[in-house]
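K.L.:
this is the structure alone, sequence omitted:
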Ligand code: NDP
């Protein structure tokens, strides 16, 4: 007799609005196909008013988990049974895992950044300058600190948001942290070993935009990373590379947070090369 086959797929997806321009589905479904898994990732348009019902629906339908993107990363906290330590510190969840019917919130954005960083530098002992203190800035600053960075300097236009993030990192992680005002043509401190653009500057359709930096303060050998996934090759990365810096694009961070999500949902490791190839065909 042929073995009994299950016609129930493992279900995952994303809740956000607007959802139409989110390419994660292509990356994750390419990974599932390459893994030979009967698994789906459904990109769902979910309004703020419907978030709670969408989450209840995912639980009722036995989903393995889902991503939350804009504007649900903070609001989803109210729907969860448990929140992982780093997500609690960051104050936002972008990845939910259903374990034994319980909803566990994780933040894989910053962990994806750190995984990308590890391909060129051990974050332990790094002096990290984070430009920006929004959702991405918070995730990058907190996870870099938890991964062993010695110092985290937060540079942000809005002083209140920047100071809040620096205080959070100093209070909740072993790293030393300080806020630095974003003065015109900001000069990166000589001690910096990693500089991260975690602002939205440079995102398509404004791909030519450049953060207000003294580019000549980027010393050769410093790691310059951008969270902007589209276009992957931002002007900042081009200018940094021309000055002998080591560069990391935002596509790497996006792929790595996807790797972490798939691992949490399926217990298996996807192929990041397949995932990056799927995204590269769409962005840039
Ligand atoms: P938020 O709206 O939460 O924060 C935006 C940040 O950008 C704030 O710090 C804001 O500063 C700063 N900013 C905006 N315009 C300027 C400017 N002209 N000059 C200086 N600073 C500026 O957005 P997110 O943090 O959620 O997202 C930021 C970017 O990160 C997006 O482009 C997104 O695509 C990317 N991202 C990438 C991910 C990846 O996996 N690669 C994952 C998550 C996000 P202020 O506080 O002063 O307004």
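P.N.:
Great, that's in hand. Keep in mind the model is a prediction, meaning the values are calculated, not measured.

K.L.:
residue of the stretch 1-150 of the chain closest to the ligand, please.
P.N.:
Across the stretch 1-150 of the chain, the shortest distance to the ligand (CB to the nearest ligand atom) belongs to residue 134, at 1.9 Å. To be clear about C-beta, it is placed using only N, CA and C from the backbone, and glycine gets the same treatment.

K.L.:
so how many other residues sit close to that residue?
P.N.:
When counting by other CB atoms under 10 Å, one arrives at 15 neighbours for residue 134.

K.L.:
now the residue most central in space within the chain: which helix or strand?
P.N.:
Centrality entry for the chain: nearest residue to the mean C-alpha point is residue 109, 2.2 Å, by CA atoms, centre = their mean. Using DSSP states H and E, the element containing residue 109 is helix 108-118.

K.L.:
may I see the buried residues of that helix?
P.N.:
Across helix 108-118, burial judged by 16 or more other CB atoms under 10 Å covers 108-117.

K.L.:
pop the domain breakdown of this protein in here.
P.N.:
Following automatic domain parsing, the chain resolves into domains at 10-107+253-280, 111-248.

K.L.:
the first one spans what distance, first to last residue?
P.N.:
Taking CA to CA, to the nearest Å, the first and last residues of domain 10-107+253-280 lie 26 Å apart.

K.L.:
could you confirm whether any residue of it contacts the ligand?
P.N.:
Yes - applying CB under 6 Å from any ligand atom, one finds that domain 10-107+253-280 is in contact with the ligand at 253-254, 257.

K.L.:
out of the residues you listed, which is most surrounded?
P.N.:
If you rank those by neighbour count (other CB under 10 Å), residue 253 sits at the top with 30 neighbours.

K.L.:
that one touches residue 259, doesn't it?
P.N.:
No - between residue 253 and residue 259 no contact is recorded; they are 10.7 Å apart, counting by CB atoms under 8 Å.

K.L.:
could you tell me which residues touch both of those two?
P.N.:
Here residue 253 and residue 259 have residue 112 as joint contacts, going by CB atoms under 8 Å, 6 or more residues apart in numbering.

K.L.:
before we move on, the earlier item: ok, and the closest non-adjacent residue to the residue nearest to the centre of the chain?
P.N.:
The shortest distance from residue 109 to any non-neighbouring residue, by CB to CB, 6 or more residues apart in numbering, is to residue 139 (4.0 Å).

K.L.:
tell me the angle the helix or strand that neighbour falls within makes with helix 108-118.
P.N.:
When elements are defined using DSSP H and E, residue 139 is found to belong to helix 135-146. Using axes from the mean of the first three to the mean of the last three CA atoms, to 10 degrees, one finds that helix 135-146 and helix 108-118 are set 60 degrees apart in direction.

K.L.:
so what touches helix 135-146?
P.N.:
73, 86, 89-92, 94, 107, 109-111, 113-114, 117, 123, 126, 128, 130-131, 133, 152, 154, 156, 165, 168-169, 172-175, 177, 194, 196, 198-199, 227.
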